[in-house]
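J.: What shape does this take:
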Amino acid sequence: MKLQKLLFILFLSVLTLSAVAQTESQLRRKKEAIEREIEQLQKNLNKTASGKKLTLQQINAINAQIRLRQDKIGTINSEIKNLDNQISQNTNTVHTLQGQLGDLKKEYAGMIRFAQRNRNSYDKMMFIFASKDFNQAYKRIKYLQQFSQYRKKQAGYIENTQQDLNGKIKVLDKTLREKSDLLKEQEKERERLGRDKSEQAVVLNKLSKDEKQFRQDINTRKKQQAQIDKAIRLAIQRAIEEARRKAAEEARIAAAKAAAEAKAAAARAKAENRPAPAAPAAAKEKSTNELLTNDAGSAKLAAGFENNRGRLPYPVSGTITEHFGVHKVDQASMNNEGVNITSSEGAPVRAVFDGEVLGISLIYGKYVVILMHGNYFTIYQNLKSASVSKGDKVSTRQTIGVLANSGDIAELHFEIMRGQTKLNPEAWISK
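T.: Residues are numbered from 1 along each chain as shown. So this is what the prediction gives:
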């Protein structure tokens, strides 16, 4: 029973450590991804550090770096918590193995003492001959044989338990060292976070001094974005009007066919002296979303896009430095109808889903690419060049252009629309 209990404990330990190892691997990958994002942001900030003019992109990059640094500290805390769980489990296992080893040694010592008392063959023979009958003598012979075999097994159990105990102690020592390293790393990250917050305070102080110029920059950006939004709306409106025209033509043909059939049915009813059948009901006008998914291909694209909500790939490798919605910086406010992803100049910009290139515009020297996915649209702004043309079919993760610098930092503005409604891209792209 003790052996079975020991094996059960070891089995549970293996299962637990396997699950913890998987979580450790996930946390390590997350931490490495955060480190890459911080490194990229820092490179961009280093490039703009010498610039006298403060930009919204710089402020957003510093704020994003602080958020990432806090996220990394949180990830390290999760790693430490996992290690604490491992340490606790391994410590319990070590104590269990030590207790089990002590019990096995006591049992083995008792068997050795018994063997010492019956160490010669004369004593064994006397033990057998002292039996009351043949049946008892046979059982005593079998007992001596089994006792010898069990003693050998107990010696093996002791050796194996000792090896398991040594192994667990080594794992425990290794985990304690890992925890020590993580605590040192955590302390360094806290120091870096402190420096980032000090830099943020300096930037905001500078902002208050240059508030007038900063407000002008934001107003300029608003005007530019309004012109881009107008071009996007016109392109989508043209797509809707084209879909409406096709639907109207299909409805006209269907109505003409229905009228002809109704006329023929009325003629047959008159010839047969029957009442004429009721005229067919007029077709109901379709909504914008119905117009854009009027054919099987468009409907399939729209359904596929919807089914991948939360799993769409990032359009460019980088960090979201400005989120969806209204943001305030000092007294100035901006309404971002997409997300801004900071990356590096020349980084490939990729389609997030299969679709068709609805339009490409060159505005303020930068390209804007609009992709159509049934009744969904994705918009990619601030491209240095576009590698697709209007009407092209594109596939998921296909490169459609490369990123340009916007001011001092390479930043993609990415939007998602359903019909003419703006959606929060962070609800659609993968975390």
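J.: after the helix or strand harbouring residue 253, next one along is what?
T.: Per DSSP states H and E: residue 253 is located in helix 211-271. Moving toward the C-terminus from helix 211-271, the next helix or strand (DSSP H and E) is helix 288-292.
J.: so the next helix or strand after that next one versus helix 211-271, what angle?
T.: Per DSSP H and E, the first helix or strand lying C-terminal to helix 288-292 is helix 296-307. Taking axes from the mean of the first three to the mean of the last three Cα atoms, to 10 degrees, helix 296-307 and helix 211-271 form an angle of 140 degrees between their directions.
J.: buried ones in helix 296-307?
T.: Buried residues in helix 296-307, counted by 16 or more other Cβ atoms under 10 Å: 298, 301, 302, 304, 305. For glycine as for every other residue, the C-beta is placed from the backbone atoms N, C-alpha and C.
J.: other SSEs contacting the following helix or strand past it?
T.: Next along the chain after helix 296-307, taking DSSP H and E as the criterion, comes strand 319-322. In this structure, strand 319-322 packs against helix 2-48, helix 56-117, strand 339-342, with contacts taken as 3 or more Cβ pairs under 8 Å, 6 or more residues apart in numbering; DSSP states H and E.
J.: ranking those by mean pLDDT, which is last?
T.: Among these, helix 2-48 has the lowest mean pLDDT, at a mean of 62.
J.: hang on, the earlier thing: give me the lowest-pLDDT entry from the buried residues of helix 296-307.
T.: residue 298 (88).
J.: Provide a list of residues in contact with that residue.
T.: Contacts for residue 298 were tallied using Cβ atoms under 8 Å, 6 or more residues apart in numbering; they are 292, 374, 375.
J.: and the last one, how far is that from residue 304?
T.: When distances are taken as Cβ to Cβ, to the nearest Å, residue 375 and residue 304 turn out to be 12 Å apart.
J.: hmm, back to that, helices or strands up against the helix holding residue 253?
T.: Using 3+ Cβ pairs under 8 Å, 6+ apart, helix 211-271 is in contact with helix 56-117, helix 288-292, strand 332-336, strand 355-363, strand 366-373, strand 376-386, strand 409-418.
J.: pLDDT (mean, whole number) over the third one?
T.: Averaged across strand 332-336, the pLDDT comes to 74.
J.: could we number from 368 for the rest of this?
T.: Let's use 368 as the start, then, which means that last one is strand 699-703.
J.: can you tell me which residues contact residue 792?
T.: 691, 705, 706, 781, 782, 783 are the contacts of residue 792 under Cβ under 8 Å, 6+ apart.
J.: Can you tell me which of the buried residues of helix 663-674 is nearest residue 602?
T.: Using Cβ to Cβ, residue 665 is the member of these that lies nearest residue 602, at 16.3 Å.
J.: any idea how far that closest one is from residue 600?
T.: From residue 665 to residue 600 the distance is 20 Å (Cβ to Cβ).
J.: got the domain boundaries for the protein?
T.: Segmentation of the chain into domains, based on automatic domain parsing, reads 369-576, 686-794.
J.: Any idea how many residues pack against residue 606?
T.: By the measure other Cβ atoms under 10 Å, the count of residues near residue 606 is 20.
J.: can you count the residues close to the nearest residue in space to it that is not next to it in sequence?
T.: Spatial nearest neighbour of residue 606, excluding adjacent residues (Cβ to Cβ, 6 or more residues apart in numbering): residue 725 at 5.8 Å. The tally of other residues near residue 725 (other Cβ under 10 Å) stands at 20.
J.: Let me see the contact set for the residue lying closest to residue 607 once chain neighbours are set aside.
T.: Excluding the flanking residues, the one nearest residue 607 by Cβ to Cβ, 6+ apart is residue 655, at 5.7 Å. Shown in contact with residue 655 (Cβ under 8 Å, 6+ apart): 607, 742, 786, 787.
J.: And residue 678, what's its pLDDT?
T.: 93.
J.: Give me the distance between the closest residue to it other than its chain neighbours and residue 658.
T.: Take residue 678 and drop its neighbours on the chain: the residue closest to it by Cβ to Cβ, 6+ apart is residue 797, 5.5 Å away. Counting by Cβ to Cβ, the separation of residue 797 from residue 658 is 30 Å.
J.: what's the answer for residue 756, then?
T.: For residue 756, the distance to residue 658 (Cβ to Cβ) stands at 24 Å.
J.: Between those two, which is the more surrounded one?
T.: residue 658 (22 against 8).
J.: Can you give me the neighbour number for the closest residue to that one other than its chain neighbours?
T.: Residue nearest to residue 658 in three dimensions, not counting chain neighbours: residue 610, with 4.1 Å by Cβ to Cβ, 6+ apart. Residues lying near residue 610 (other Cβ under 10 Å) number 20.
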